[in-house]
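Undergrad: I'll drop the sequence and a predicted model, then ask my questions.
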Amino acid sequence: MADSLKISVVGHTNTGKTSLLRTLTRDARFGEVSGRPGTTRHVEVARLNVQGQTLLELYDTPGIEDAIDLLDLLDQQSAQVEQRVAAREDGPTRIERFLQSAPAAERFEQEAKVLRQMLRSHAALYVIDARDPVLSKHRDELEILNMCGVPLLPLLNFVAGQKTNETEWREMLAGLGLHAIVRFDTVAPARDGEKTLYTKLASLLDAHGATLQRLIRSHESDAQQRHTAALDLIATLLVETAALKLRISRDEQSLQRGIERLNKTVREHEQSCVAQLLSLHRFYPDDIDADGLPLVDGRWEQDLFDPYTLQNMGIQLGSGAAAGAAAGLGIDLMVGGMTLGAAAATGALLGGGFQTLRHYGSDLMARVTGEKTLRVDDSILNALATRQVDLLAALERRGHAAQQKLALARLSDMGGGSREPLFVRNELPESLRRARSQSAWARDSDAVMGNSGKHQAVQQLSKNLQELMASRYRDEPDQR
C-alpha cells in the first residue's frame, strides 16, 4: 500500500465525484449517488489493482459546501499570525492551522475532511459539472484547494451533452493558473477517456508516471479481452440459434406449438447472452430494458438441400452420392408420388450407410414422409445479431455512473431507424449458413472447444462481427 498512488477526488456538491469513481472502478454500486446535496458525508476509498498489487487509491470526498466563508476564516487566521511574525505564510501551513482549530470540527467539518485527505494525497482531481455556471464560490474552492500544495487537475464532467459552459470554465481555470484540464464524462466516457485522464495525471506526477502507464496498459488489455470475450458470446449465440431445428407434424396445431417452442428457445438463448454480456462488463440486469425478440409468426421450413447440407452429405456419402443427390434437387417433377429431389435424397440415404443416417436421416425421411422442419428465419438471426452488437457497443461506451437504463431496440426499429441491420440484405456469414446443417451445434455451448467444427465457426463469426462492428461505428463522433 505504501507505494500506491493516492488521488483525492474533490469538488463542489453534486458534480459527479462518486460517479467518477463508479466509472473508473467499473463498479456501479460504489458509494451513493443522489440529486440531494451532500450525499457523500465521509471519505471513501476505491483501489485499482493490477496483478494483485494496488497501483492507485481514489478517495471520494464530501462536497465542499461553504467555500466563501471558509476562505474568509482562513484569511482571518492567517492575518492574525502574519501581524505577529511579519511574514507571509505558505498554503499548507494555513490549512494545517485550520484543521487544528475548533471550526474544523464544527461548522466546517465536511470541508475539513476534504482538506485533510488532500494533504495525504499525491494529487487531486477537481470535478466540475460543466453544465453549471461559473460562480465566485468555485473560485474560492479552487483557491482553498490550491493551498494544500498538491497538484490539482480539473476534470470537466457531463460534457457529452450539447449545453455546457465549458468555455467559461476553461477561462476561469486559466486565470487561476490551471491549464492542464481533462474532459471526462462519467456517464458516457470517450473510448480513450481513461487513458487521457491517467496521461494528464502522469504529466503532473513525474515520479508516478511509470505506475500510471502500467495502469493504462492493464486497462487497455482488460478492455480488449472483454471485447473479444463478448464477441465470442454473441457468435456462439448466433451459431447455436442458426443450428436450431424442430421437426413437427404437418397439422396446424403442431405447427403452432412448434413455433411457440422455437420462439421460447431463442428468447431464452438471447436472454442468457444478454445476462453474460452485462456480467462481463460489470453491469446488472436492472440496467437494461429488454423488449422481447419479436419472432416472425409464420412457417419456417428448413431447406434440407441447402448447398452446405449437400457439401456435408458429400463428405459422408462420397462425391458420387452427393452428385447423384444434387442432380435431382429443386426440380419440380413427380416420380412415383414424390419429388425427384426427395427420391434422390432417399436413394442417397439408403446408400450412404449409418453415418449419413445418423447425421441427416431423420431430416431427410421427414421430408419424404411430409413432416415439417422448423428453423429460425434469416431475418431473425439478423435482428438477433444487430441487437447484441448494438448492446455490446452501448455497454462499452456506458459509464458505470449512468442512471438511465439501456433499451434493446425492437425489431421494427432496426430497418426504419438510424441504423441498418448488421447483415446487409439478410445475407448471413458463411459460418451461420454452415451451422444450418449442423443441428448438434445447437446444444452444449460449454463444449464449443470440444467441437472443432463448431469452435471454428464461432471463431470465424467472431472475427466477422468484429469487422462489421468496426465499420458500423467507424463514423460516429467521439465524445471528447
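TA: It's in. All values derive from a computational prediction rather than experimental measurement. Numbers count the residues shown, from 1 in each chain.
Undergrad: Name the residues of whichever helix or strand residue 464 is part of that come out as buried.
TA: Following DSSP states H and E, one finds residue 464 within helix 452-472. Buried residues in helix 452-472, counting neighbours by 16 or more other C-beta atoms under 10 Å, are found at 454-455, 457-458, 460-462, 464-465, 468-469, 472. The C-beta positions use only the backbone N, C-alpha and C, and glycine is treated the same way.
Undergrad: for that helix, packing partners?
TA: With contacts taken as 3 or more C-beta pairs under 8 Å, 6 or more residues apart in numbering; DSSP states H and E, helix 452-472 sits against helix 209-242, helix 378-396, helix 430-435.
Undergrad: The second one: how far from the chain's middle?
TA: Going back to what we said before, that points to helix 378-396. 13 Å (C-alpha atoms, centre = their mean, to the nearest Å).
Undergrad: Start at 633, not 1
TA: Renumbered: residue one is now 633, and that last one reads helix 1010-1028.
Undergrad: List the buried residues of that helix.
TA: So, applying 16+ other C-beta under 10 Å, buried residues of helix 1010-1028: 1010-1024, 1026-1027.
Undergrad: That one - what's its average pLDDT?
TA: On average, the pLDDT along helix 1010-1028 is 88.
Undergrad: Okay, angle between it and helix 841-874 too, please.
TA: Angle between the axes of helix 1010-1028 and helix 841-874 is 160 degrees (criterion: axes from the mean of the first three to the mean of the last three C-alpha atoms, to 10 degrees).
Undergrad: Show the secondary-structure elements that helix 1010-1028 is packed against.
TA: helix 841-874, helix 884-912, strand 1038-1040, helix 1043-1048, helix 1084-1104.
Undergrad: mean pLDDT lowest for which of the ones you listed?
TA: Checking each of those, the one with the poorest mean pLDDT is helix 1043-1048, at a mean of 38.
Undergrad: State whether residue 791 and residue 817 are indeed in contact, as I suppose.
TA: Yes. Using C-beta atoms under 8 Å, residue 791 is in contact with residue 817, at 5.1 Å.
Undergrad: Can you pick out the residue with more neighbours from the two?
TA: residue 817 (24 against 21; other C-beta atoms under 10 Å).
Undergrad: Leaving out the residues flanking it, which one is nearest to the more buried one?
TA: The shortest distance from residue 817 to any non-neighbouring residue, by C-beta to C-beta, 6 or more residues apart in numbering, is to residue 792 (4.2 Å).
Undergrad: and if you look at residue 871?
TA: residue 1067 (4.8 Å).
Undergrad: can you check residue 825 too?
TA: The nearest residue in space to residue 825 (C-beta to C-beta, 6+ apart) is residue 816, at 5.2 Å.
Undergrad: burial count for the one you found?
TA: 25.
Undergrad: same question, residue 739
TA: Using other C-beta under 10 Å: residue 739 sits among 14 other residues.
Undergrad: Make sure it is indeed in a strand.
TA: No. Residue 739 is assigned coil when assessed by DSSP: H, G, I helix; E, B strand; the rest coil, not a strand.
Undergrad: gap between it and residue 704?
TA: 12 Å (C-beta to C-beta, to the nearest Å).
Undergrad: got it, and residue 1087?
TA: In terms of C-beta to C-beta, residue 1087 sits 70 Å off from residue 704.
Undergrad: Then residue 882?
TA: 89 Å.
Undergrad: Check residue 905 too.
TA: From residue 905 to residue 704 the distance is 59 Å (C-beta to C-beta).
Undergrad: Which one of the two is surrounded by more residues?
TA: Per other C-beta under 10 Å, whichever of residue 905 and residue 704 has more neighbours is residue 905, with 23 against 12.
Undergrad: Now for the nearest residue to the more buried one once chain neighbours are set aside: which residues touch it?
TA: Closest residue to residue 905 apart from its sequence neighbours, by C-beta to C-beta, 6+ apart: residue 869 at 4.3 Å. By C-beta atoms under 8 Å, 6 or more residues apart in numbering, residue 869 lies in contact with 901-902, 904-905, 1016, 1020.
Undergrad: now residue 662
TA: 650, 653-654, 676, 678, 692, 1032.
Undergrad: change it to 7 Å
TA: Shown in contact with residue 662 (C-beta atoms under 7 Å, 6 or more residues apart in numbering): 650, 653-654, 678.
Undergrad: For residue 847, see how far away it is.
TA: From residue 662 to residue 847 the distance is 18 Å (C-beta to C-beta).
Undergrad: Which segments of this protein make up each domain?
TA: 633-836, 853-932+1008-1104, 939-1006 (automatic domain parsing).
Undergrad: Just read off the phi/psi values of the closest residue to residue 676 other than its chain neighbours.
TA: Spatially, and ignoring its direct neighbours in sequence, residue 676 is nearest to residue 692 (4.6 Å; C-beta to C-beta, 6+ apart). In terms of degrees, to the nearest 10, the main-chain angles of residue 692 are phi -80, psi 120.
Undergrad: Between which two of the contacts of residue 869 is the distance greatest?
TA: 904 and 1016 (12.3 Å; C-beta to C-beta).
Undergrad: need the contacts of residue 869 in TSV with distance to residue 916, can you?
TA: Shown next, in TSV, are the contacts of residue 869 (distance: C-beta to C-beta, whole Å):
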residue	distance to residue 916
901	21
902	18
904	16
905	16
1016	22
1020	18
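Undergrad: Show me where the stretch 733-882 of the chain has its helices.
TA: Counting by DSSP state H, counting those that start in this stretch, the stretch 733-882 of the chain has helices at residues 741-751, 768-778, 798-807, 825-836, 841-874.
Undergrad: In a markdown table, list those helices along with distance to residue 728.
TA: Shown next, in a markdown table, are these (distance: least, C-beta to C-beta, whole Å):
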| stretch | distance to residue 728 |
| --- | --- |
| helix 741-751 | 7 |
| helix 768-778 | 13 |
| helix 798-807 | 26 |
| helix 825-836 | 23 |
| helix 841-874 | 27 |
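Undergrad: Nearest to residue 896, out of those?
TA: Across the helices of the stretch 733-882 of the chain, closest to residue 896 is helix 841-874 (C-beta to C-beta), at 12.6 Å.
Undergrad: Buried ones in the closest one, by neighbour count?
TA: 843-844, 846-848, 851, 858-859, 862-874.
Undergrad: Ok, stretch 791-806 next?
TA: Quick answer for stretch 791-806 (16+ other C-beta under 10 Å): 791-792, 796-797, 801-802, 804-805.
Undergrad: what comes into contact with it?
TA: In contact with stretch 791-806 (C-beta under 7 Å, 6+ apart) are residues 760, 762-766, 771, 786, 788, 813, 815, 817, 819-820, 1111.
Undergrad: Can you turn the buried subset of these into a selection I can paste into ChimeraX?
TA: Selection of buried members from the contacts of stretch 791-806 for ChimeraX, criterion 16+ other C-beta under 10 Å:
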select :760,762,764,766,771,786,788,813,815,817,819,820,1111
